[in-house]
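1. Structure for the following, please:
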Amino acid sequence: MNCSSKEEEIYAPIPYTLEIPTLFADQLIAPIIPANNPLTEEGISLGKKLFFDKILSGNNTQSCASCHDPQKAFTDNQQFSDGINGNSGKRNAMPLFNLAWNFDERFAWDGKEFSLENQAFEPVSNPIEMHADWQTVAKKLQADVEYPDLFLQAFGTSKIDSTLVTKAIAQFERTLISGNSKFDKYLQGKATLTLQEQNGFDVFMDEAKGDCFHCHGSDNNPLWTDNKFHNNGLDATFLDLGLGKVTGDPSDNGKFKSPSIRNLAFTAPYMHDGRFATLEEVINHYSEGLKRSSTIDPLMKNINKGGVQLSTQDKADLKAFLLALSDDEFINNADFKE
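-> Modelled structure (predicted):
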């Protein structure tokens, strides 16, 4: 049979299976892969190309990677990222890894985006970020010499729209898996912790000391986050309502997603607004800097004392443990770079 158009040609994209770390396979349920957006080699490759392509921005000067740099665990080390017009947002760019195990599928600091596909949609049109019009972006991609064929191979059509663009980007983002830190190797008997790192882990897990594990997981949760939303005592009053602005429920005011504590060596500054430049500042906040408010999380059990009151040595040890969760292999993975 002679085909009259490329759309009539039959091409079956090659299914892709995630390389899941042993600890993840042992301790977590399967990652979320939507039935309407299965992983394929062609889809992931297309998503990667789009992630690094400045064609998605209004003036062709910024890509997704401009704020989510692989060498920085897919953040940018800025308190607030600048958009294409030089405007700054009010939130710190979140790092990107292990996203397929966010089982509630609520993304962004305030949980405003449901699903990775939806999360990839908003920054392109956001006037403070990439400030583009999706119809114009689709036209630019359609006019490109490569993209129509790449979409045909990935999705069976060369007609490009925002839905397929975000599906491809989400496929790539689901491959961003970080699970080979020193502490991961220790749990598998492949590395030894220093005395300081071991004590730091003990501080982290001790309810009478750091008491960190309720929100940030443990050696039984390789995500190192609960992916829930908490008011962790940053402010007595809120300039940013966080989850409360999304839900409209005053009891959610001041709540933000607990980020993973993996890769902290690469992702400063910290918190939703990047207010803390160093890990020492973060630890000091939980030790003696907590502020009471109407929605303070019950897990902030030492609010009356201002925090957990760690000793200088315990603070240093806790930092050593946290740094042992950083994954050099992840930030140097050639599959995640342009």
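
2. my guess is residue 56 contacts residue 131, does it?
-> No: the pair residue 56 / residue 131 is not scored as a contact, 10.6 Å apart, by C-beta atoms under 8 Å. For glycine as for every other residue, the C-beta is placed from the backbone atoms N, C-alpha and C.

3. which of those two has more neighbours?
-> residue 56 (23 against 18; other C-beta atoms under 10 Å).

4. how near is that one to residue 78?
-> 19 Å (C-beta to C-beta, to the nearest Å).

5. for residue 169, same thing?
-> Applying C-beta to C-beta to residue 169 and residue 78 gives a distance of 21 Å.

6. Looking at these two now, which is surrounded by more residues?
-> When residue 169 and residue 78 are compared for neighbours, residue 169 comes out ahead with 26 against 16, by other C-beta under 10 Å.

7. quick one: pLDDT of that one?
-> At residue 169, the model reports a pLDDT of 98.

8. Point out where the stretch 1-150 of the chain drops to low pLDDT.
-> Within the stretch 1-150 of the chain, the stretches with pLDDT under 70 are 1-9.

9. Now do the helices in it.
-> 22-27, 41-51, 116-125, 134-143, 147-155 (DSSP state H, counting those that start in this stretch).

10. List the contacts of residue 88.
-> Contact analysis of residue 88 by C-beta atoms under 8 Å, 6 or more residues apart in numbering lists 80, 81, 82, 128.

11. hmm, which of those are the buried ones?
-> Buried members of the contacts of residue 88, counted by 16 or more other C-beta atoms under 10 Å: 80, 81, 82, 128.

12. Residue 32: which of these is nearest?
-> residue 81 (26.5 Å; C-beta to C-beta).

13. tally of neighbours for the closest residue in space to that closest one that isn't next to it in sequence?
-> In space, and not counting its chain neighbours, residue 81 is closest to residue 67: 4.4 Å by C-beta to C-beta, 6 or more residues apart in numbering. Residue 67 has 24 neighbouring residues, counting by other C-beta under 10 Å.

14. before we move on, what about residue 158?
-> 16.

15. how close does the closest residue in space to it that isn't next to it in sequence get to residue 274?
-> Of all residues not flanking residue 158 in the chain, residue 148 sits nearest, at 3.9 Å (C-beta to C-beta, 6+ apart). Residue 148 sits 39 Å away from residue 274, going by C-beta to C-beta.

16. Could you dump the helices of the stretch 1-150 of the chain into JSON lines and include mean neighbour count and distance to residue 60?
-> Below are the helices of the stretch 1-150 of the chain laid out as JSON lines (neighbours: other C-beta atoms under 10 Å; distance: least, C-beta to C-beta, whole Å):
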{"stretch": "helix 22-27", "mean neighbour count": "16", "distance to residue 60": "38"}
{"stretch": "helix 41-51", "mean neighbour count": "22", "distance to residue 60": "13"}
{"stretch": "helix 116-125", "mean neighbour count": "21", "distance to residue 60": "12"}
{"stretch": "helix 134-143", "mean neighbour count": "15", "distance to residue 60": "8"}
{"stretch": "helix 147-155", "mean neighbour count": "20", "distance to residue 60": "14"}
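
17. Using TSV, lay out the ones you listed together with distance to residue 298.
-> Listed next are the helices of the stretch 1-150 of the chain as TSV, based on distance: least, C-beta to C-beta, whole Å:
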stretch	distance to residue 298
helix 22-27	26
helix 41-51	39
helix 116-125	29
helix 134-143	42
helix 147-155	46
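
18. Nearest to residue 209 among these would be which one?
-> With C-beta to C-beta as the measure, helix 22-27 is the member of the helices of the stretch 1-150 of the chain nearest residue 209 (24.0 Å).

19. hmm, who's touching the host helix or strand of residue 171?
-> For residue 171, the element it lies in under DSSP states H and E is helix 162-174. Helix 162-174 is contacted by residues 18, 31, 33, 37, 39-40, 43-44, 46-48, 50-51, 56, 64, 96, 99-100, 115-121, 124, 134, 137-138, 141, 151, 154-155, 157 when judged by C-beta under 8 Å, 6+ apart.

20. and with 6 Å instead?
-> Helix 162-174 is contacted by residues 37, 39, 43-44, 46-48, 50-51, 96, 99-100, 116-117, 120-121, 134, 151, 155 when judged by C-beta atoms under 6 Å, 6 or more residues apart in numbering.

21. Same check on stretch 121-140?
-> So stretch 121-140 is in contact with 55-58, 62, 83-84, 87, 89, 160-162, 166, going by C-beta under 6 Å, 6+ apart.

22. Show me how far stretch 323-338 is from its chain's centre.
-> Distance of stretch 323-338 from the chain centroid (C-alpha atoms, centre = their mean, to the nearest Å) equals 14 Å.

23. buried sites along that stretch?
-> By neighbour count with 16+ other C-beta under 10 Å, stretch 323-338 contains the buried residues 323, 324, 325, 326, 327, 330, 331, 333, 336.

24. quick revisit: between the helices of the stretch 1-150 of the chain, which one is closest to residue 283.
-> Nearest to residue 283, of all the helices of the stretch 1-150 of the chain, is helix 22-27, at 25.2 Å by C-beta to C-beta.

25. returning to what we had before: isn't the residue nearest to residue 158 up against residue 159?
-> No: at 8.1 Å, residue 148 and residue 159 do not qualify as touching, with contact defined as C-beta atoms under 6 Å.

26. List only buried entries from the contacts of stretch 121-140.
-> Among the contacts of stretch 121-140, the ones that count as buried (16+ other C-beta under 10 Å) are 56, 57, 58, 62, 83, 84, 89, 160, 161, 162, 166.
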